[in-house]
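Asks: What follows is a protein structure lacking sequence information:
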C-alpha cells in the first residue's frame with residue numbers, strides 16, 4: 001500500500017470538516033428564508049427565523065476556527081464562506097427585518113432592507129480582495145488584529161438580537177429606531193472602522209480573568225433577565241466598543257496633528 005496516499009487520507013477528510021460547518025450555516029439561512037416566505041400563519045415565524053440565523057452565526061464562527069486548527073484553510077473555503085455569508089447574514093436578515101417591520105414603509109422600507117444586503121455584499125467583496133492581496137504580496141504575518149469594517153455576521157447578529165429582544169420581551173421600538181439601526185449597521189459594514197478580531201488573543205492569567213468576568217456577567221444576565229437581554233448586550237458591546245475606539249483614535253490623531261503643526 002502506498003504510504004504517502006495512506007497518510008494523505010486524513011487531511012482530505014479534514015478539509016471537508018470546516019466546510020460542513022459552512023454548509024450548516026447555509027442551511028440555517030435557507031431555513032430562515034423558507035420560514036419567512038411560507039406565509040403569515042405562524043405568529044412565531046420571526047422568532048424561529050431569528051434563532052435559525054443565530055445558529056448560522058455559531059456555525060460561521062466555528063468553521064474558520066476548525067479550519068485553522070486542522071490547517072485546512074484554502075481559497076475554496078474563503079470563497080464558499082463569503083457566498084454562504086451573503087445568504088445567511090445578508091439576504092436572510094434583510095428579508096427578516098423587512099417582513100418583521102420595514103414592510104410598513106412600502107418601497108422605502110424595501111430600499112432600507114436592501115441597503116443592508118447590498119452593504120453586506122460590498123463588505124464581503126472587499127474582505128476577499130484584501131485577503132487575496134495579502135496572500136499575493138505576503139504581507140500578512142500571523143492573524144490580523146482588526147477587521148476593516150464591521151463583519152457581516154456581527155452586523156446580522158445585532159439586527160437579529162434586536163428582533164429577538166423585542167419579540168420575547170414585548171418592548172416597543174419605534175420605526176425610526178429600526179430604520180436607524182439598519183442604516184447604521186449598513187454604514188459600519190462598508191466603513192473603514194476597525195473592529196477587533198481577537199484572533200491574536202493569548203490565553204494568560206489576565207485574559208482568563210477578563211473572559212471569566214465576561215462569561216459570569218452574561219450568565220447572571222441570562223439568569224436574572226433572559227437570553228434575549230444577553231444577546232443584545234453582547235452584540236451591542238462589541239459594536240459600540242469598536243465605534244468608541246475608532247472615534248477615540250481619530251480624536252487622538254487630530255490632537256497630535258494640531259500639536260505638531
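Replies: Yes, it's here. This one's a predicted model, so the numbers in the text were calculated from it and none came from an experiment.
Asks: residues of the host helix or strand of residue 63 that come out buried?
Replies: Per DSSP states H and E, residue 63 falls inside helix 45-70. Neighbour-count burial for helix 45-70 flags 45-47, 49-57, 59-60, 62-64, 66-67 (criterion: 16 or more other CB atoms under 10 Å). For every residue, glycine as well, the C-beta is placed using N, CA and C.
Asks: cool, and stretch 178-194?
Replies: For stretch 178-194, a neighbour-count test (16+ other CB under 10 Å) marks 178, 179, 181, 182, 185, 186, 188, 189, 190, 191, 193, 194 as buried.
Asks: Among those, which lie within strands?
Replies: In strands, defined here by DSSP state E, the members of the buried residues of stretch 178-194 are residue 194.
Asks: any chance of the buried residues of stretch 178-194 in a markdown table, with distance to residue 23 and pLDDT too?
Replies: Shown next, in a markdown table, are these (distance: CB to CB, whole Å; pLDDT from 0 to 100):
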| residue | distance to residue 23 | pLDDT |
| --- | --- | --- |
| 178 | 31 | 95 |
| 179 | 33 | 96 |
| 181 | 30 | 96 |
| 182 | 28 | 97 |
| 185 | 26 | 96 |
| 186 | 27 | 96 |
| 188 | 28 | 95 |
| 189 | 24 | 95 |
| 190 | 27 | 94 |
| 191 | 30 | 92 |
| 193 | 31 | 90 |
| 194 | 30 | 88 |
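Asks: tell me which of the buried residues of stretch 178-194 is nearest to residue 147?
Replies: Closest approach between the buried residues of stretch 178-194 and residue 147, by CB to CB: residue 194, at 6.8 Å.
Asks: Distance of that closest one relative to residue 157?
Replies: Per CB to CB, to the nearest Å, residue 194 is found 18 Å from residue 157.
Asks: for the helix holding residue 63, packing partners?
Replies: Packing contacts for helix 45-70, counted by 3 or more CB pairs under 8 Å, 6 or more residues apart in numbering; DSSP states H and E, involve helix 3-37, helix 75-85, helix 92-100, helix 152-169.
Asks: For residue 89, give me its contacts.
Replies: Residues in contact with residue 89 (CB atoms under 8 Å, 6 or more residues apart in numbering) are 29, 53, 56, 57, 60, 120, 152, 153, 155, 156.
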